[in-house]
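Enquirer: Here's a sequence, model it:
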Amino acid sequence: MFKRFSISVLFLLVFLRFPVGAAKQVVLSKNGNANYKILAPVNASECEQFAAQELKKYLFQISNAEFQIVDATKQNAIVVSALNSLKKYDQSVKDIVLAEEAYRIFRRKDQIYLVGGSPRSTLYAVYDFLNQLGCQWVAPDYSFYSGTDCNIPVKSELTFDLVKEQVEMPVFKYRKFYVEEGRSHTLVNLMQLVDWMPKLRMNTLVFPMDYEGRGEVKWDNWRADLVPELQKRSIQIEVGGHGYQNFINISMEGGKLYEEHPEWFGLDDTGVRSKNPHVVLCTSNEDAVKYLYNNLLNYLKQHPEIDIFDFWPPDSESWCRCDKCRALGSETERHVLLVNHIAELLQEDLPEVQLECLAYNRYTSPTHDLTLNKKVLLDFCPIGQNFEYQIYEKGNARNEGYNKDLNGWIKMFGGDVSIYSYFRKYAWRSLPNIIPHYMQNELKYYRELGVRGISVYSEPGDWFTYGPNHYVFSHLAWNPAVSVDSLIEMYSNVVYGNGGSTALSVYKELEAIVRFACNIAHTTIKSPDQYDQYLNRVKACHNQVKLAINKESQGTPYRQNLERLDLMLIYTMKSMHYMRSKALNDKEQTDQSDADIRLFLREHALKGVFIPHKH
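Expert: Model prediction:
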């Protein structure tokens with residue numbers, strides 16, 4: 001593995017976390033000999049056992065010492081346990097209280113305790129402890145990183161200092177990665193994502209039940225392999241997505257459902273009961289809703305691993321135009337009525353499954369007289385967000401509308417509200433829209449509002465482009481007050497080695513430029529002179545990266561990563577030329593720029609940087 005690390009950045013993070021003070025240094029191992037054992041409780045859960053094994057594995061990689069896992073010892077030990085398990089045999093912790101997602105790292109004499117409020121948070125405690133020993137996991141172990149996704153230091157003497165007890169608890173209850181369209185996901189890279197998530201304390205993987213009914217990105221295609229890995233790490237499994245039509249559509253009953261019950265399907269604007277899956281069923285028809293629910297219930301019974309089910313209307317949907325449906329109210333009101341009904345039925349039949357729904361598209365505005373069931377998780381989706389402005393800023397009508405709607409939901413809804421963020425967006429077409437500080441501002445605002453969850457979707461196909469965003473986002477999901485600058489510096493030094501300072505300066509420029517100057521959805525057109533100014537700044541970055549590339553030997557991972565960064569800059573300039581031609585109303589040049597970009601993305605696909613256009 002090709003690993004490297006910045007000592008100065010590690011010292012900075014440790015210094016910020018632990019105040020300077022007198023403390024006895026614990027020597028965990030020296031010259032390949034372990035001075036401690038790993039104590040895991042008798043009858044430990046699968047996740048607790050995994051946490052102990054992970055600690056053993058990484059301690060060996062750091063020190064070349066074998067740390068034995070035991071269930072009882074009188075010797076010095078690193079105790080790895082969920083609090084409830086620990087209390088059964090250690091009376092000294094009987095007064096400790098921890099929330100499910102919280103963990104505590106502390107010492108009693110020379111015993112080190114890594115204790116979570118649950119098995120999942122016990123695993124977080126282990127990774128945090130390893131982080132304090134110098135381990136950094138800045139990305140999943142995707143092949144294109146060639147080992148620069150993390151740093152595992154090597155030490156002949158492994159020591160640990162803890163000045164005072166450390167208690168950690170997340171700001172956001174739900175911290176999700178969505179698979180979403182899954183354009184570049186494979187079983188291999190999904191496993192790598194699952195392995196990375198708890199290292200960054202992300203707790204939920206969201207997978208489509210069957211994305212757009214294509215049978216390609218479908219939970220059933222992956223679940224046999226993914227479920228054991230997810231459950232071993234106690235990661236919540238959330239399945240569903242756009243899909244009322246998954247439970248009632250014209251292909252059912254041998255293709256005869258529409259013929260037998262046309263009244264169950266939505267009436268379109270022409271007055272015809274539609275076969276189009278994007279037209280919502282007739283929600284005023286009790287038999288149609290009962291049919292949908294029975295199919296949903298059967299699916300959930302056949303998939304007992306699902307913790308949260310996403311119950312969404314079709315994407316780009318239109319709602320039934322029959323008189324009875326229209327009498328139910330607005331699209332939002334009809335959506336809430338249906339979700340409430342399904343939630344009540346599900347609470348009776350499968351109370352362990354949480355139902356989730358969206359405030360999205362035509363139904364982002366909250367209801368006035370109708371309240372969503374408080375046990376439902378509501379994901380608010382500002383799909384048309386303008387990234388030139390923060391969502392809470394004045395000056396953009398689109399963002400102002402979303403902010404008003406979000407505040408309205410929080411005011412009238414007593415349940416958990418989560419944000420389905422668009423901090424990585426397919427419509428960006430892999431443009432390097434680096435937004436760490438933008439994300440921090442948003443998450444701080446959401447925290448103040450009382451939002452309980454945050455999510456983002458990702459693709460391996462352009463993970464390298466958005467790597468800094470994903471790394472920072474995962475930390476912000478735990479604590480929005482974390483030092484973003486330190487995180488970006490950490491990422492840059494691990495991924496680019498001696499070129500880290502160059503990458504860091506480039507990322508700062510990309511953050512200041514791309515969301516204003518490139519073909520980012522909803523960004524306003526600028527003047528040709530403004531694009532020229534932006535182009536000059538990116539050209540300077542391009543020259544800077546070229547110099548850094550020339551300092552690296554051919555074929556090394558750091559050089560390859562710098563070359564990927566340069567591809568991002570070239571694409572940025574191409575996008576600016578495209579926007580400049582639009583500003584000049586030069587259709588011929590605009591079309592030529594678009595064709596040039598499409599070819600460029602195809603030529604550099606499969607490098608973790610770009611996902612080519614579909615068409």
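Enquirer: tell me the domain ranges of this structure?
Expert: Domain ranges of the chain: 7-168, 175-247+287-479, 495-603, per automatic domain parsing.
Enquirer: which helix of the chain spans the most residues?
Expert: Across the chain, the helix with the greatest residue count (assigned by DSSP state H) is helix 557-583.
Enquirer: Buried residues in that one, which are they?
Expert: Within helix 557-583, the residues that count as buried by 16 or more other CB atoms under 10 Å are 557-569, 571-583. All C-beta spots, glycine's among them, are computed from the backbone N, C-alpha and C.
Enquirer: one step back: and the domains of the chain, which one averages the lowest pLDDT?
Expert: Across these, domain 7-168 has the smallest mean pLDDT, namely a mean of 89.
Enquirer: Now do that domain: distance to the chain's middle.
Expert: Relative to its parent chain, domain 7-168 has a centroid offset of 24 Å by CA atoms, centre = their mean, to the nearest Å.
Enquirer: mind listing the helices for the stretch 51-200 of the chain?
Expert: Counting by DSSP state H, counting those that start in this stretch, the stretch 51-200 of the chain has helices at residues 83-87, 119-132, 187-196.
Enquirer: how many neighbours does the closest residue to Val227 other than its chain neighbours have?
Expert: Leaving aside its sequence neighbours, Val227 sits nearest to Glu305 (CB to CB, 6 or more residues apart in numbering; 4.9 Å). Glu305: 13 surrounding residues under other CB atoms under 10 Å.
Enquirer: Surely Glu305 touches Gln231?
Expert: Yes: in this structure, Glu305 is within contact of Gln231 by CB atoms under 8 Å, at 7.1 Å.
Enquirer: Return every residue with contacts to both of the two.
Expert: The contact sets of Glu305 and Gln231 overlap at Ile237 (CB atoms under 8 Å, 6 or more residues apart in numbering).
Enquirer: follow-up on the earlier one: columns mean neighbour count on top of the helices of the stretch 51-200 of the chain, output as CSV?
Expert: Shown next, in CSV, are those (neighbours: other CB atoms under 10 Å):
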stretch, mean neighbour count
helix 83-87, 20
helix 119-132, 24
helix 187-196, 18
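Enquirer: Would you tell me which of those gets closest to Pro366?
Expert: Closest approach to Pro366 among these (CB to CB): helix 119-132, 32.2 Å.
Enquirer: could you dump the closest one to PDB, C-alpha only?
Expert: This file holds the C-alpha atoms of helix 119-132, laid out as PDB (Å, rounded to 0.1, in the frame of the first residue of the first chain):
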ATOM      1  CA  PRO A 119     -22.500  -1.700  19.400                       C
ATOM      2  CA  ARG A 120     -22.500   0.800  16.500                       C
ATOM      3  CA  SER A 121     -21.100   3.600  18.500                       C
ATOM      4  CA  THR A 122     -18.600   1.200  20.100                       C
ATOM      5  CA  LEU A 123     -17.200   0.700  16.600                       C
ATOM      6  CA  TYR A 124     -17.000   4.500  16.300                       C
ATOM      7  CA  ALA A 125     -15.000   4.700  19.500                       C
ATOM      8  CA  VAL A 126     -12.500   2.200  18.100                       C
ATOM      9  CA  TYR A 127     -12.000   4.100  14.900                       C
ATOM     10  CA  ASP A 128     -11.700   7.400  16.800                       C
ATOM     11  CA  PHE A 129      -9.100   5.800  19.100                       C
ATOM     12  CA  LEU A 130      -7.200   4.700  16.000                       C
ATOM     13  CA  ASN A 131      -7.600   8.100  14.500                       C
ATOM     14  CA  GLN A 132      -5.900   9.500  17.600                       C
END
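Enquirer: Which residues does it contact?
Expert: Here helix 119-132 makes contact (CB under 8 Å, 6+ apart) with 14, 17, 45-48, 50-52, 54-55, 58-59, 78, 80-82, 98, 100-105, 112, 114-116, 135, 137, 160, 166, 168, 198-199, 201, 203, 233-235.
Enquirer: what's Tyr471 in contact with, if anything?
Expert: Counting by CB under 8 Å, 6+ apart, Tyr471 touches 138-139, 200, 487, 491.
Enquirer: what about it, distance to Ala288?
Expert: For Tyr471, the distance to Ala288 (CB to CB, to the nearest Å) stands at 46 Å.
Enquirer: tell me, what residue is most central in this structure?
Expert: For the chain, Phe177 is the residue whose C-alpha lies nearest the centre (CA atoms, centre = their mean; 2.9 Å).
Enquirer: any idea how far it lies from Pro198?
Expert: 11 Å.
Enquirer: now do Tyr496
Expert: Applying CB to CB, the value for Tyr496 to Pro198 is 26 Å.
Enquirer: on that earlier part again, may I have the beta-bridge partners of the residue nearest to the centre of the chain?
Expert: Leu205, Val456 (DSSP bridges).
Enquirer: again with Trp312
Expert: Going by DSSP bridges, Trp312 forms beta bridges with His242.
Enquirer: closest to Lys324 among the contacts of Tyr471?
Expert: Among those, Leu200 lies closest to Lys324 (CB to CB), at 48.2 Å.
Enquirer: residues contacting the closest one?
Expert: Leu200 is in contact with 137, 471, 474-475, 478, counting by CB under 8 Å, 6+ apart.
Enquirer: mind running it again at 6 Å?
Expert: Contacts for Leu200 (CB atoms under 6 Å, 6 or more residues apart in numbering) come out as Ser474.
Enquirer: gap between it and Glu331?
Expert: For Leu200, the distance to Glu331 equals 36 Å [CB to CB].
Enquirer: can you check Tyr244 too?
Expert: Distance, Tyr244 to Glu331, using CB to CB: 13 Å.
Enquirer: I'd like the helices of the stretch 51-200 of the chain laid out as TSV, including distance to Leu292.
Expert: Formatted as TSV, the helices of the stretch 51-200 of the chain follow (distance: least, CB to CB, whole Å):
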stretch	distance to Leu292
helix 83-87	39
helix 119-132	33
helix 187-196	29
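Enquirer: so Phe610 touches Phe600, yeah?
Expert: No: using CB atoms under 6 Å, Phe610 is not in contact with Phe600; the gap is 8.1 Å.
Enquirer: Which of those two has more residues huddled nearby?
Expert: Between Phe610 and Phe600, counted using other CB under 10 Å, the more crowded position is Phe610 (26 against 16).
Enquirer: That'll do, ta.
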